[in-house]
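A.B. asks: 3D, please:
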Amino acid sequence: MSLIKEWKFGTHSARWEAPDLLRLTWRGATRVEDVDSVLQIFQEASSGRPIFVISDVSESTIDKAAREHFSQSLRAEWFHGLIYVGANALQRAITKAIVIALYFTGKWRVDVEFADTEQEALRIVSRIRRARGVEGSDSGEPEMPLELEPRALA
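C.D. replies: Reported below is the predicted structural model:
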């Protein structure tokens, strides 16, 4: 996969890889402002097609307000799958509770999975691609707007 764009927001970062993979690295506390930034990235990156997101959460926390804002603002049409790397037991339980609540709305049909390593996360992405018939990383240029510029987000 080729590197396309990078962003920094708070203590966190995002990296876009063609054609449909966003890798997030969450470090330290996640605030509502950080959630706003990543939601903007999700919306822009998924404007051409749904994406996969691999989030390394091994060194992060998220406060209640940020967690609620995140769960209320996510849109299923943005994603093929969300994979969390390095989640501890509490992070997994919180994420599962949010996902169950989203499933009950009837609007959420996105695969949400957990992995211990990046390699395992990439295998999960490959499995979801095969199951859904989604083209893989060797399909060429990304179908995302060229005006998406790397930037530091507040």
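A.B. asks: Just the strands from the chain, written as ranges.
C.D. replies: Assigned strands in the chain, in chain order: 3-9, 12-17, 21-30, 51-62, 79-85, 111-115, 152-153 (criterion: DSSP state E).
A.B. asks: where does this structure dip in pLDDT?
C.D. replies: Where the chain drops to pLDDT under 70, the residues are 1-3, 136-154.
A.B. asks: What residues are bridge-paired with residue 113?
C.D. replies: Going by DSSP bridges, residue 113 is paired in beta bridges with residue 83.
A.B. asks: Can you give me the neighbour number for it?
C.D. replies: Counted with other C-beta atoms under 10 Å, residues neighbouring residue 113 total 15. For glycine as for every other residue, the C-beta is placed from the backbone atoms N, C-alpha and C.
A.B. asks: thinking residue 13 is in contact with residue 7, fair?
C.D. replies: Yes. Counting by C-beta atoms under 8 Å, residue 13 does reach residue 7; the two are 6.5 Å apart.
A.B. asks: How about residue 115, nearest residue that isn't a chain neighbour?
C.D. replies: Once flanking residues are discounted, residue 115 sits nearest to residue 121: 4.0 Å by C-beta to C-beta, 6 or more residues apart in numbering.
A.B. asks: now swap in residue 92 and tell me
C.D. replies: Distance criterion C-beta to C-beta, 6+ apart; nearest residue to residue 92, sequence neighbours excluded, is residue 114 at 5.8 Å.
A.B. asks: With residue 81 instead?
C.D. replies: In space, residue 81 comes closest to residue 111 once its chain neighbours are excluded; the distance is 4.0 Å by C-beta to C-beta, 6+ apart.
A.B. asks: My read is that the one you found contacts residue 84, right?
C.D. replies: No. Counting by C-beta under 8 Å, residue 111 stays clear of residue 84, with 11.5 Å between them.
A.B. asks: returning to what we had before: give me the neighbour count for the residue nearest to residue 92.
C.D. replies: Neighbour tally, residue 114, other C-beta under 10 Å: 18.
A.B. asks: That one is in contact with residue 84, isn't it?
C.D. replies: Yes. Residue 114 is within contact range of residue 84, at 5.2 Å (criterion: C-beta under 8 Å).
A.B. asks: what's the overlap in contacts for the two?
C.D. replies: Both residue 114 and residue 84 are contacted by 92, 95, under the criterion C-beta atoms under 8 Å, 6 or more residues apart in numbering.
A.B. asks: picking up where we left off before, neighbour-wise, which of residue 13 and residue 7 wins?
C.D. replies: Shown here are residue 13 and residue 7; by other C-beta under 10 Å, residue 7 has more neighbours (23 against 15).
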